[in-house]
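J.: compute the structure for the input listed below.
(2 chains)
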Amino acid sequence: MRLRFARLLAALLLASGAAMAQADDLVVVVSARSPIDSLRPDQVAAIFLGQTPRFPNGAVATALDQPIGSAERDQFYLRVAGKTPALLKAYWSKMVFTGRGQPPRELAGSAAVRKAVADDPGLVGYIEREALDPSVRQVLLVH
Amino acid sequence: MFAPSTAAKTIPAACAGAVLFALGAPACAASDSPHSPDWKISGFGTVGVAHSDERQADFVSSVMKGGGAGRTDSWSRHVDTRLGGQIDVTINPKWSAVVQVVTEQRLDYSYEPRVEWANVKYQVTPELAVRVGRIALPMFIAADYRKVGYAYPWVRTPLEVYGVLPISNSDGADISWHWNGETARSTTQAFYGRTDMPLYDGARLRGNNIAGFSQTVEQGDFSARASVITTRLSVGLFPGLFDALEAFGPQGRDIASRLRVNNSRATALSIGMNYDPGAWFVMAEAGRSRSAGYIGSTRSAYLSSGWRYRNLTPYAGYARVRGRVPDGPTALALGGLPPPYAAAGATVNRAVAAMLRSVPSQSTLSAGLRWDVASNLALKLQHERVTTHSGSRGMFINSVADYQSGRTAQVTSAVLDFVF
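T.: Reported below is the predicted structural model:
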């Protein structure tokens, strides 16, 4: 029993290690006009999970998501919030069916998120690192 | 529901409506912003079967059911099967409304839908919200989403804890306040309302002056909730039995007055914690209820833990409830009564004893497996050993007249939970 559990743990660690190695880096971005310089992973997770309505400086924060099923989205929530797609869906089921909140609005991909974030200092999104440009500021590197 | 662009049926707001609600803002231009009025239709459901080897009573997921697995049918599809639909209307960042309708087997065996939620929310600030209408009671960690099987790991929320509070919503108002610290988050909710539900044979359950308070704290992977609720409860069941008791003079009237649930104070307290770093979880809650009358008082608790390996979540748990019947004599003293009256009195005593067997004492050991088959579909298998104690029939219903407490039922359930 103990041996089997250890094997299972090892398999789990290997699997998650493999997933990390494959993944491209993501960056959490705000508008270049925003005063926010950096955010901690837990602060980012709280905004994206609808647990806090504001940035740490008190400004109202609205999160933008990448499409459901996209690699960016799955990696972002796994690394920032420790949630697999199934856990994230279960989480939003709780929120939606208790009237506590709705998931972030989805945009089509990194370019669309970057464009929306650049135009509005109240928005925060995550994009592929390669999609960074001067219109947005990186506040967290997710890797 | 989760993704406005894919899963949810988002109906774009008409420009006319946007103009009406946005009070002169450039409404049409803003119609694709997250703040435009929109409608979302979402839903949840469970299809399940449960088997119980107990032939003397029915295993049910709630006392508000007509029948279950065991005595009525050894296999029952009524224990967990349900369907819920919800419409969310977001008018602007301040105003929103929600209606949720659920159909599941009721006490009258019908599947007539019931409005679980119907309220209007005004977001005073991003931290402060007021709701008016029908609101789910925030008792325990999962009480306000206990009908959404997909949202929790088990087949159903632990009966011993969640089953002692048959009321799931109240008509009134609540106010909730969020507070965000450096690392911790807090939500404080206070509510006031009333409820009125049909039972059977024309009897109703009424809760007047429902007042309560709930405090949730979250820090990282840890969350905890404490709540308290108090109400004036009236349950109109067994009118014939109370009339019969009162026919036995002062001693009968004394027993009836102590056992009746008529505008009686009822209180419930709960405290719970959840630690969920993703790869595994542990949840524990404890509750205490006090009520005048034959409903009795209870102390309950559960502990459950599981770990997640890919799409599989094996879990196990233990839950128990200990009930206490009201103090004082609950049987008529029959000595000295003429034989026909003594015989009638003995019949009344048996009926009162049967009624008091519903004050629950039972414990459950459970183990199960959740398999996340697809992104909005979970299949669960669960096996439980449910043992009644202390003369009680536990949380079983439809028990035979000579039900013997202390029996163990082996209950196996399979459910498919979905959200859309």
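J.: what parts of chain A come near chain B?
T.: With Cβ under 8 Å from any Cβ of the partner chain as the criterion, chain A meets chain B at residues A:8, A:11-12, A:15, A:42, A:46, A:51-54, A:60, A:62, A:65, A:67-69, A:81-87, A:89-94, A:96-99, A:102-103, A:105-106. Glycine gets a C-beta too; all of them are placed from N, C-alpha and C.
J.: quick check: phi and psi on the closest residue to residue A:97 other than its chain neighbours?
T.: Nearest non-adjacent residue to residue A:97, counting by Cβ to Cβ, 6 or more residues apart in numbering or on different chains: residue B:148, 4.7 Å away. As for residue B:148, its main-chain torsions (degrees, to the nearest 10) stand at phi -100, psi 80.
J.: residue contacts, residue B:190?
T.: Contacts here follow Cβ atoms under 8 Å, 6 or more residues apart in numbering or on different chains; on that basis residue B:190 touches B:174-176, B:212-214.
J.: that older thread, so the residue nearest to residue A:97 versus residue B:199, what's the distance?
T.: As judged by Cβ to Cβ, to the nearest Å, residue B:148 and residue B:199 stand 25 Å apart.
J.: neighbour count winner among those two?
T.: Taking other Cβ atoms under 10 Å in any protein chain shown, residue B:148 and residue B:199 do not tie; residue B:148 has more neighbours (26 against 17).
J.: assign the residue nearest the centre of chain A to helix, strand or coil.
T.: Averaging the C-alpha coordinates of chain A gives a centre point, and the residue nearest to it by Cα atoms, centre = their mean is residue A:76 (4.0 Å). Reducing the assignment at residue A:76 to three states with DSSP: H, G, I helix; E, B strand; the rest coil gives helix.
J.: just checking, it touches residue A:25?
T.: No: contact criterion Cβ atoms under 8 Å: residue A:76 and residue A:25 do not qualify, at 10.9 Å.
J.: between these two, what contacts are shared?
T.: Overlap of the contact sets of residue A:76 and residue A:25 (by Cβ under 8 Å, 6+ apart) consists of residue A:142.
J.: nearest spatial neighbour of residue 53, skipping sequence neighbours?
T.: Picked chain A for this. Once its chain neighbours are removed from consideration, residue A:53 has its nearest residue in residue B:126; the separation is 3.3 Å (Cβ to Cβ, 6+ apart).
J.: chain B is the one I meant
T.: Distances taken as Cβ to Cβ, 6+ apart put residue B:410 closest to residue B:53, at 4.8 Å, once the chain neighbours are dropped.
J.: for that neighbour, which three-state class applies?
T.: The three-state label given to residue B:410 by three-state DSSP is strand.
J.: list the contacts of the residue nearest to residue A:97.
T.: Going by Cβ under 8 Å, 6+ apart, the list of residues near residue B:148 reads A:93-94, A:97, B:44, B:84, B:417, B:419.
J.: where exactly do the strands run in the stretch 301-420 of chain B?
T.: In order along the chain, the stretch 301-420 of chain B carries the following strands (DSSP state E, counting those that start in this stretch): B:312-324, B:362-374, B:377-388, B:408-419.
J.: need the phi and psi values for residue B:253.
T.: For residue B:253, the backbone dihedrals (degrees, to the nearest 10) come out as phi -60, psi -40.
J.: can you check residue B:120 too?
T.: Per-residue torsions, residue B:120: phi -110, psi 130 (degrees, to the nearest 10).
J.: bridging residues for residue B:312?
T.: Per DSSP bridges, residues listed as beta-bridge partners of residue B:312: residue B:309, residue B:371.
J.: neighbours of it, how many?
T.: Burial measure for residue B:312: 12 neighbouring residues, criterion other Cβ under 10 Å.
J.: for it, give its distance to chain A.
T.: When Cβ to the nearest Cβ, to the nearest Å is the yardstick, residue B:312 and chain A sit 10 Å from each other.
J.: equivalent analysis for residue B:341, please.
T.: Plainly put, residue B:341 is 55 Å away from chain A if you go by Cβ to the nearest Cβ.
J.: that residue: what's it in contact with?
T.: Applying Cβ under 8 Å, 6+ apart to residue B:341 gives the contacts residue B:248.
J.: from residue B:152, how far out is it?
T.: Counting by Cβ to Cβ, the separation of residue B:341 from residue B:152 is 53 Å.
J.: OK, contacts around residue B:209?
T.: Remark: with contacts taken as Cβ under 8 Å, 6+ apart, residue B:209 is in contact with B:192, B:194, B:230-232.
J.: now, of the residues you listed, which are buried?
T.: Of all these considered here, the ones buried according to neighbour count by 16 or more other Cβ atoms under 10 Å in any protein chain shown are B:230-232.
J.: residue B:153 reaches residue B:370, doesn't it?
T.: Yes: look at residue B:153 against residue B:370 with Cβ under 8 Å: they come within range, at 5.2 Å.
J.: overlap in contacts of those two?
T.: Residues touching both residue B:153 and residue B:370 (Cβ under 8 Å, 6+ apart): B:306, B:313, B:315, B:380.
J.: what about the closest residue to the first one other than its chain neighbours, how many residues close to it?
T.: When you say that, I think you mean residue B:306. With Cβ to Cβ, 6+ apart as the criterion, residue B:306 has its nearest non-adjacent residue at 2.9 Å, and that residue is residue B:315. Applying other Cβ under 10 Å, we find 23 residues neighbouring residue B:315.
J.: please tell me how far residue B:315 sits from residue B:158.
T.: Shown here: residue B:315 relative to residue B:158, a distance of 11 Å by Cβ to Cβ.
J.: tell me, what's touching those two both at once?
T.: Overlap between the contact sets of residue B:315 and residue B:158, as judged by Cβ under 8 Å, 6+ apart, is given by residue B:304.
J.: coming back round to it: residue B:302 is in contact with the residue nearest to residue B:306, correct?
T.: No: checked against Cβ under 8 Å, the pair residue B:315 and residue B:302 is beyond contact range at 11.8 Å.
J.: max-length helix in chain B?
T.: Taking DSSP state H as the assignment, the helix of chain B that covers the most residues is helix B:339-356.
J.: pLDDT weak spots in chain A?
T.: Under the criterion of pLDDT under 70, the regions of chain A flagged as low confidence span A:1-23.
J.: quick one, strands of it?
T.: Under the criterion DSSP state E, chain A contains strands at A:26-31, A:62-65, A:105-106, A:123-128, A:136-142.
J.: mean neighbour count added to the ones you listed, as JSON lines?
T.: Listed next are the strands of chain A as JSON lines, based on neighbours: other Cβ atoms under 10 Å in any protein chain shown:
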{"stretch": "strand A:26-31", "mean neighbour count": "25"}
{"stretch": "strand A:62-65", "mean neighbour count": "21"}
{"stretch": "strand A:105-106", "mean neighbour count": "21"}
{"stretch": "strand A:123-128", "mean neighbour count": "25"}
{"stretch": "strand A:136-142", "mean neighbour count": "18"}
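J.: circling back to that earlier point, contacting residues for the residue nearest to residue A:53?
T.: Neighbour list for residue B:126: A:53-54, A:60, B:178 [criterion: Cβ under 8 Å, 6+ apart].
J.: of the residues you listed, which is the most crowded?
T.: The most neighbours of any of the contacts of residue B:126, using other Cβ under 10 Å, belong to residue B:178, which has 20 neighbours.
J.: doesn't that one lie inside a helix?
T.: No: going by three-state DSSP, the assignment for residue B:178 is strand, not a helix.
J.: excluding residues flanking it in the chain, which one is nearest it?
T.: Nearest non-adjacent residue to residue B:178 (Cβ to Cβ, 6+ apart): residue B:127, at 4.6 Å.
J.: re earlier: out of the strands of chain A, flag the one nearest residue B:257.
T.: Ranking these by proximity to residue B:257 (Cβ to Cβ) places strand A:62-65 first, at 57.7 Å.
J.: my guess is residue B:244 contacts residue B:348. True?
T.: Yes: because the distance of 5.0 Å satisfies Cβ under 8 Å, residue B:244 is recorded as touching residue B:348.
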